[in-house]
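>>> missing the sequence, but the structure's below:
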C-alpha cells in the first residue's frame, strides 16, 4: 500500500504544533507547580520529613570560634596608659542545637525551646582550653562603674570587699575557666547575700549561662495559613514585645528566630530576626548574588546603621544611652553591667574607638557578619555571625582597684558562629532545588524547540512534495500534449499521403 507522504508531513506538522503547545503549557504551569512544591515543603510540619528534620535538629555542622583579647600591659593601664591587646585564638567549639517541647497550636503556630550544647574541638583550635590569657575582671571593673554614684563610704566598703576576696582589676585564667566558669569567693558571697545580682548562681564565666541552656520559649508561625509568615516569631517567652528599650520600635520582636526565613525572596527583601542574646531584633540587607556548589544564593550583611548611635541614626535612639556609633549598650538586659556589643575589632564603628586601644585591625572579610541564603526557599546555605563583647571601664574614686584607668570601651572577646550545608543534605538540596528545576526548564524549552523543528521540517517536506507533484503534473501535461500533437501531425501526414495516392491513381486511369 503506497504511503501518502504529503499526509504524513501534515501529520508531523500537527504533532509539532501539539508539542509546542505542550511545552508552552509546561512553561506556564511548571513554575506554578515548582512554587507549590516549595510551599508544601517549607511549611513546618512533621509530614515534610526533610525540611522538618532540618528545622528541628539542625543536622548541619555548626561551630563557635572564640578569640580572646589578651592584655599585654595591665599595670600600665592602671596608670592611665592606652591598653595594648593581642588576639588569641580561635578556640573552636562544636555547637549542637536541638528543639524540644515542640507543641503545635490550632492558630497555625508552633512553640518550642531550643537547647544548645558546646563541645571543644582541639583539632580545629590553635591551642587548648588550658591556655592562659588576661582580660578585664568584669566583677570588679563592671561593678565599679555600676556603683560610681553610690556614697563614697559605700564605695570604700566595696573596694575593701574586693580586697578581702583577692579580686583585682584583671583576670589571668585559663580559656576553659573564662568560658565556662571558675571558683570565686566573691561570686559565692554575692550569690548568698545578694541573690539575683549575677546572671548565674554557680561559677562565673563569660559563657556559663549558655552551655546546656535554652534560648527561651519561642512561638513561631508554621506557614500553613500564609507561607509569607513561616518561621516568623509570634511571641518569645509569652511576650510580643520587649521592655528593655525606650521606644516601641526598638522593643518590637520582628522577623524569624534567625534560622530560616520565608521563601521567594527578592533583592529588595531583608532578613529580620530576633536574637535573645543581643536582647533585640536585627535586620540584614542584601549585598550581592552568589553561588555555592551550583546552588544560587543571595548574600545578606549587616548595614552600617545596625549598631549606629541615635545621633547618626535616629531610629536607634531607643537603644540609648549610647556612646560612639558601632556599640550596642546591652546593660539593660545584662543586670545593668556596662557591657557593649559590636562587630569584631570595632569594624563599621566610629574610628575613634580604635584610637583608645592598640592592637585592633578591622576588615570586612574577617570581621563582617553575613548570611548566604537560597532565595527560593529561605534556607541559609552558609552562615557567619560575628560579634564582640566589650566592657566599659574607667577610674572610680573610692575603689582603688580601678587605679587611674582611662575611660575606654575595652574589647574582651569576639566570637563567630558559623555553619554551612554540606554532605548528603547538600546533595539532596542540590538535586531538589537545582537539578530537577533545571531538568523541567530544559524539558519545557526542549518541547517547544522540538515542536518548532518538527513543524519546520514537516512544512519543508510538505512544500517539496507539493512542488514535486506540480512538476510531475506539468511534465505529464507537456508529454500528453506532445503526444497529441504528434498524433495530430501524423494523422494529417497520412491524410495527405492518401490524397496524393488517390490523385495519382485517378491520373493513370
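Received the coordinates, thanks. All of these numbers come straight from a predicted model, not from anything done at the bench.

>>> now do the nearest residue to residue 378 once chain neighbours are set aside against residue 270, distance only.
Excluding its sequence neighbours, the residue lying closest to residue 378 (C-beta to C-beta, 6 or more residues apart in numbering) is residue 261, at 3.8 Å. Yep, even glycine has a C-beta here, placed from its N, CA and C like the rest. Distance, residue 261 to residue 270, by C-beta to C-beta, to the nearest Å: 10 Å.

>>> what does residue 79 give?
Using C-beta to C-beta, residue 79 is found at 47 Å from residue 270.

>>> of the two, which one has the most company?
More neighbours surround residue 270 than the other of residue 79 and residue 270, with 15 against 11 (other C-beta atoms under 10 Å).

>>> the more buried one and residue 284 touch, don't they?
Yes. Applying C-beta atoms under 8 Å, one finds residue 270 in contact with residue 284, separated by 6.5 Å.

>>> shared neighbours of the two, anything?
residue 300 (C-beta atoms under 8 Å, 6 or more residues apart in numbering).

>>> pLDDT score for the nearest residue to residue 87 once chain neighbours are set aside?
Excluding the flanking residues, the one nearest residue 87 by C-beta to C-beta, 6+ apart is residue 67, at 5.4 Å. With respect to pLDDT, residue 67 scores 98.

>>> so residue 67 versus residue 414, what's the distance?
Applying C-beta to C-beta to residue 67 and residue 414 gives a distance of 5 Å.

>>> between those two, which contacts overlap?
residue 344.

>>> neighbour count winner among these two?
For residue 67 versus residue 414, neighbours defined as other C-beta under 10 Å are more numerous around residue 414 (26 against 20).

>>> how many residues are close by the nearest residue to residue 326 once chain neighbours are set aside?
Once flanking residues are discounted, residue 326 sits nearest to residue 349: 2.2 Å by C-beta to C-beta, 6+ apart. By other C-beta under 10 Å, 23 other residues sit near residue 349.

>>> SS state for residue 349?
coil (DSSP: H, G, I helix; E, B strand; the rest coil).

>>> kindly report the same for residue 107.
coil.

>>> mind telling me what element residue 418 is part of?
Using DSSP states H and E, residue 418 sits in strand 408-420.

>>> show me what that strand is packed against.
strand 62-71, strand 85-105, strand 132-136, strand 379-393 (3 or more C-beta pairs under 8 Å, 6 or more residues apart in numbering; DSSP states H and E).

>>> for the nearest residue to residue 364 once chain neighbours are set aside, what are its contacts?
Among residues not flanking residue 364 along the chain, residue 347 sits closest, at 6.8 Å (C-beta to C-beta, 6+ apart). Neighbour list for residue 347: 326, 362, 363, 364, 367, 368 [criterion: C-beta under 8 Å, 6+ apart].

>>> can you tell me how far the fifth one is from residue 387?
Counting by C-beta to C-beta, the gap between residue 367 and residue 387 amounts to 10 Å.

>>> tell me who's in contact with the residue nearest to residue 181 when sequence neighbours are not counted.
For residue 181, ignoring the flanking residues on the chain, the nearest one in space by C-beta to C-beta, 6+ apart is residue 203 at 2.7 Å. Residue 203 sits next to 180, 181, 182, 183, 184, 187 when contact means C-beta under 8 Å, 6+ apart.

>>> repeat the analysis, applying 10 Å as the threshold.
Counting by C-beta atoms under 10 Å, 6 or more residues apart in numbering, residue 203 touches 177, 180, 181, 182, 183, 184, 187, 188.

>>> so can I have a markdown table of the residues you listed showing neighbour count?
Conversion of the contacts of residue 203 to a markdown table gives the following (neighbours: other C-beta atoms under 10 Å):
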| residue | neighbour count |
| --- | --- |
| 177 | 21 |
| 180 | 18 |
| 181 | 19 |
| 182 | 16 |
| 183 | 10 |
| 184 | 20 |
| 187 | 22 |
| 188 | 15 |
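
>>> ok, so of these, who is nearest residue 222?
Within the contacts of residue 203, the smallest distance to residue 222 is 35.8 Å, found for residue 180 (C-beta to C-beta).

>>> that closest one contacts residue 205, correct?
Yes. Assessed by C-beta atoms under 10 Å, residue 180 is found in contact with residue 205 at 4.8 Å.

>>> need the helices for the protein, in chain order.
Ranges of helices in the chain, per DSSP state H, are 5-42, 49-57, 74-78, 143-146, 152-164, 175-180, 185-193, 352-355, 364-367, 423-430, 436-508.

>>> looking at the longest one now, give me its mean pLDDT.
Pointing back at helix 436-508 there. Taken as a whole, helix 436-508 carries a mean pLDDT of 64.

>>> note down every partner strand of the strand holding residue 418 and its orientation.
strand 62-71 (antiparallel), strand 379-393 (antiparallel) (DSSP bridges).
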